[in-house]
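> Everything below, folded, please.
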Amino acid sequence: MPVESEHDPAVGIANQVLEVGSRLAAGPSARLVDTVFRRELADQAGLFAALGLTDLAHTLAMIELGVIPSAEGSELLGALLRLQTQPEDFSADPTRGDLYTNREAWLAGRTSAAGWLGIGRARREATTTAFLMTLRAGLLELGDAATRLGHTLTARASEWREALMPDYTYLQAAQPTTFGHYLAGFAGPLLRDGDRLRGLYARVNQSPAGCGSSNGSRLPLPRDRLAELLGFDGIVPHARDAMWQADLPIETAGLMTTILTNLDRLAEDLQIFATGEFGLVELDDRHARASKIMPQKKNPFALTHIRGTANAMIGTLAATAAAARTPSGQPDNRLSLYGAIPRAVAGTREAVLLLDEVITDLRFDAQRGLELLTGGDAAATDLAEVLVMECGLDFRQAHRLVGTLVRQTAGSRPLAALSADDLSACSIEVLGYRVELTPAALARALDPQESVHARIGHGGAAPPALDAVLADQRAGLAEIRAWTAEQQERQRASEESLLQRCRERCPT
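Numbers count the residues shown, from 1 in each chain. All right, here's what the predicted structure looks like:
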C-alpha cells in the first residue's frame, strides 16, 4: 500500500501524530502498515469506548491540577466528548498507526488543543488502562452469564431429582444415581469459578493510570484521582509494574480455560448420552444440525462448538504465556492480547450462554435410564455393602464374592436377576462357607431406587441430600449474581459521573 504524498492534509496530520519530522524522518513503509499496524489496530478496536474514557479522565485531571490551561482543556474535552459518540467521520486507518494515534489524528484535525492529550503519559499507559477497563466489564458480563447457567443447572437438577440412571466412570456403568444429581455436579465448579472471577476482578480493577510511562513523572500526576474518575478500586502501587503487568492476561486466559474445561466435560458427556447406544438425552432441534448425506443423523452441534471453544482457549492460554516470556517492558507482552484476551472472555461467555440454552431445552429419557440400571450390574457395590452390614463379611470378602457373581453371570443375565440361592452357592465356592440373604433383603440391595434413596449422606444422590446441596448452590449463585450487579452498577455510575463532569467543563 503506497503512502500518500506528504502534501495531502490528512497525511500531514497523520505525520504529526506519528512524530514524522521530529525523531523520524519518514512515515511507515507500506509493508509495516500492512503487516503490523493493520493487525495492531484490529486488535485494539474493542478498546475504543474505554480509551475515550481514559482520555477524558486524564484531560480532566490535568485541568484540575492546572497543568492543562482551562480554555484549551475545555476545548479538548469537548472534542473528546464528540469522539466518544463514535462519529461517522472517524475512520481508523492503519497508516496512522494504532488506535491511540488514530484518535489523536481525528482530534488534531478539529482542535489545536489536541497537543495537550499526551502530556505526562505514554500511549501504552492509556491503552493499557483501556484494556483493563474493557476486561473488567467483560468479566462482569461473564459472571452474570455463569450464574444464569448455574441457576438453570440447579432448576433442572431439581426437576430430575428422582430420574434414575447409571453413573459412569471410565464410560462404564458404576453405581445408581439420578440425572439430577449428575447435573448438580457441574454447578459446584461454576461456584468456584465465580470465586476465582471475583479474585481476578479485584486484581484487574487496580489502576495503572498516571504511572508516567513506567517510572512516574516530574508532573504531579494524580493517580488516586484518575483511579476514582475511572471507577477503579485503587492503584497498582509500583509505576513500572502498573505499566507492564504480564500476569493478569495469563490469569484471565487460565480462568477462561478452567471455565470452558468444566463446560466441555458436561458437553462431552451429553454428546455421548445423546447417542443411540446410550439414548439418555436428546437435544432440542434448535441446538442440532442435520447431516447433508446421512438422513438419519441429528448431530449435537451446539455441544461440539463448546468443545471446540475449550480447545481453542487452551491455545490462547499457551500463546498468552508465551507472549509474557520476554525481557520485561516489551510491547509483544501486550499487543496481540489487547484483542485476544477480551475476545477470549467474550467467547467464553457465549459458550456459557449456549450451554444454558441447551440445558434449558434438554430432554431426559427416564425410562431409558431405568432400563440401563435394571439391565446391568450398577448395583454391585450396594450388594457388597449390604453383605458387610448384614452378613458380617469384611469388604474385601464381599468384593470378591460380588465380583465373582458378576463374572459368572456376564453376558447371560444382569445382576438384578440374581437369586438368594445363587448368592449362597457362590459364597461356598469363593469363601468356603455359606452366606445367606433373604430374598427381600437381596431385592432391596439390587433395587436402584432403594440404592439412590439410601445415599442420604451430605452430597449424596438421595433426593433430600440433593435438595440440601441445591439450596446451598442457589444461595452461592445468588450471592455472585448480586455482587456482579453491584459492580456493574458502580461502573455505570462511574462512567456517567465522569462524562457529566467533563460536560460541565465544556462551553455550552
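> Could you give me the buried positions within stretch 210-230?
Residues 210-214, 221-223, 225-230 are the ones in stretch 210-230 that count as buried (16 or more other C-beta atoms under 10 Å). Using the backbone N, CA and C atoms, a C-beta is placed for each residue, glycine as well.
> likewise stretch 283-290?
Quick answer for stretch 283-290 (16+ other C-beta under 10 Å): Leu283, His287, Ala288.
> One more: stretch 109-119?
Gly109, Thr111, Ala113, Ala114, Trp116, Leu117, Gly118.
> one step back: which one of the buried residues of stretch 283-290 is nearest Gly376?
Ranked by distance to Gly376 (C-beta to C-beta), these are led by Leu283 at 24.6 Å.
> For the stretch 201-350 of the chain, which segments are assigned as helices?
Counting by DSSP state H, counting those that start in this stretch, one finds helices in the stretch 201-350 of the chain at the ranges 223-229, 239-243, 247-273, 301-324, 337-361.
> pLDDT on the last one, on average?
What that stands for is helix 337-361. Taken as a whole, helix 337-361 has a mean pLDDT of 97.
> Point out the other helices and strands that that helix packs with.
For helix 337-361, the packing partners by 3 or more C-beta pairs under 8 Å, 6 or more residues apart in numbering; DSSP states H and E come out as helix 38-44, helix 123-159, helix 247-273, helix 301-324.
> The helix or strand hosting Asp472 vs helix 123-159, what angle?
Element membership of Asp472 [criterion: DSSP states H and E] is helix 463-505. For helix 463-505 against helix 123-159, the angle by axes from the mean of the first three to the mean of the last three C-alpha atoms, to 10 degrees is 150 degrees.
> which helices and strands does helix 463-505 pack with?
With contacts defined as 3+ C-beta pairs under 8 Å, 6+ apart, helix 463-505 has these neighbours: helix 48-65, helix 70-84, helix 123-159, helix 179-184, helix 187-204, helix 223-229.
> Apply 10 Å and report the result again.
helix 48-65, helix 70-84, helix 123-159, strand 172-178, helix 179-184, helix 187-204, helix 223-229, helix 448-453 (3 or more C-beta pairs under 10 Å, 6 or more residues apart in numbering; DSSP states H and E).
> I'd like these as CSV, with mean pLDDT and distance to Ala274 appended.
CSV is the format used below for the helices and strands packed on helix 463-505 (pLDDT from 0 to 100; distance: least, C-beta to C-beta, whole Å):
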stretch, mean pLDDT, distance to Ala274
helix 48-65, 97, 41
helix 70-84, 97, 48
helix 123-159, 97, 16
strand 172-178, 94, 17
helix 179-184, 98, 13
helix 187-204, 97, 21
helix 223-229, 97, 50
helix 448-453, 95, 22
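> on that earlier part again, of the buried residues of stretch 283-290, closest to Arg505?
Nearest to Arg505 among the buried residues of stretch 283-290, with distances taken as C-beta to C-beta, is His287, at 51.5 Å.
> Now do that closest one against Asn262, distance only.
Separation of His287 from Asn262 (C-beta to C-beta, to the nearest Å) stands at 19 Å.
> again, but for Ala310
9 Å.
> What is the burial count for Leu190?
The number of residues packed near Leu190 is 23, by other C-beta atoms under 10 Å.
> Quick check, it in contact with Ala146.
Yes - Leu190 is within contact range of Ala146, at 5.5 Å (criterion: C-beta atoms under 10 Å).
> lowest average confidence, helix or strand, in this protein?
helix 9-17 (a mean of 59; mean pLDDT, DSSP states H and E).
> roughly how far out does the helix holding Asp472 sit from the chain middle?
16 Å (C-alpha atoms, centre = their mean, to the nearest Å).
> same question, stretch 101-109
The answer for stretch 101-109 is 35 Å, by C-alpha atoms, centre = their mean.
> Rounded mean pLDDT for it, please.
95.
> can you check stretch 267-286 too?
The average pLDDT within stretch 267-286 is 96.
> ditto for stretch 398-417
89.
> Flag every buried residue along that stretch.
Ala398, His399, Arg400, Leu401, Val402, Leu405, Val406, Thr409, Pro414, Leu415, Ala416.
> mind listing which of those residues are in helices?
Ala398, His399, Arg400, Leu401, Val402, Leu405, Val406, Thr409 (DSSP state H).
> Just say helix, strand or coil for the residue nearest to the fourth one when sequence neighbours are not counted.
Meaning Leu401. For Leu401, ignoring the flanking residues on the chain, the nearest one in space by C-beta to C-beta, 6 or more residues apart in numbering is Val430 at 5.1 Å. When classified by DSSP: H, G, I helix; E, B strand; the rest coil, Val430 comes out as helix.
> Please tell me I have it right and Val430 contacts Ser424.
No - the criterion here is C-beta under 10 Å, and Val430 misses it with Ser424 at 11.1 Å.
> about what we covered before: is it possible to get TSV of the helices and strands packed on helix 463-505 that adds distance to Pro439?
What follows is the helices and strands packed on helix 463-505, written out as TSV (distance: least, C-beta to C-beta, whole Å):
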stretch	distance to Pro439
helix 48-65	72
helix 70-84	80
helix 123-159	35
strand 172-178	20
helix 179-184	29
helix 187-204	40
helix 223-229	75
helix 448-453	14
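> so which of those gets nearest Arg325?
helix 123-159 (18.8 Å).
> Tell me the buried residues in the closest one?
Those buried within helix 123-159 under the rule 16+ other C-beta under 10 Å are 123-154, 156-158.
> now what about stretch 32-44, what contacts it?
Stretch 32-44 has contacts (C-beta atoms under 10 Å, 6 or more residues apart in numbering) with 1-3, 27-29, 51, 92-102, 127, 130-131, 134, 331, 334-343.
> tell me the mean pLDDT for it?
Taken as a whole, stretch 32-44 has an average pLDDT of 93.
> Enumerate the positions of that stretch that are buried.
Within stretch 32-44, judged by 16+ other C-beta under 10 Å, the buried ones are Val33, Val36, Phe37, Arg38, Glu40, Leu41, Asp43, Gln44.
> gap between the last one and Ser336?
Look at Gln44 and Ser336: by C-beta to C-beta, they are 10 Å apart.
> The first one now?
The spacing between Val33 and Ser336, counted by C-beta to C-beta, is 17 Å.
> Same check on the fifth one?
When C-beta to C-beta is applied, the distance between Glu40 and Ser336 equals 8 Å.
> secondary structure element for the closest residue in space to Asp89 that isn't next to it in sequence?
Once flanking residues are discounted, Asp89 sits nearest to Trp106: 7.7 Å by C-beta to C-beta, 6+ apart. Using DSSP H and E, Trp106 sits in helix 99-108.
> Equivalent analysis for Gln86, please.
Using DSSP H and E, Gln86 falls outside every helix and strand.
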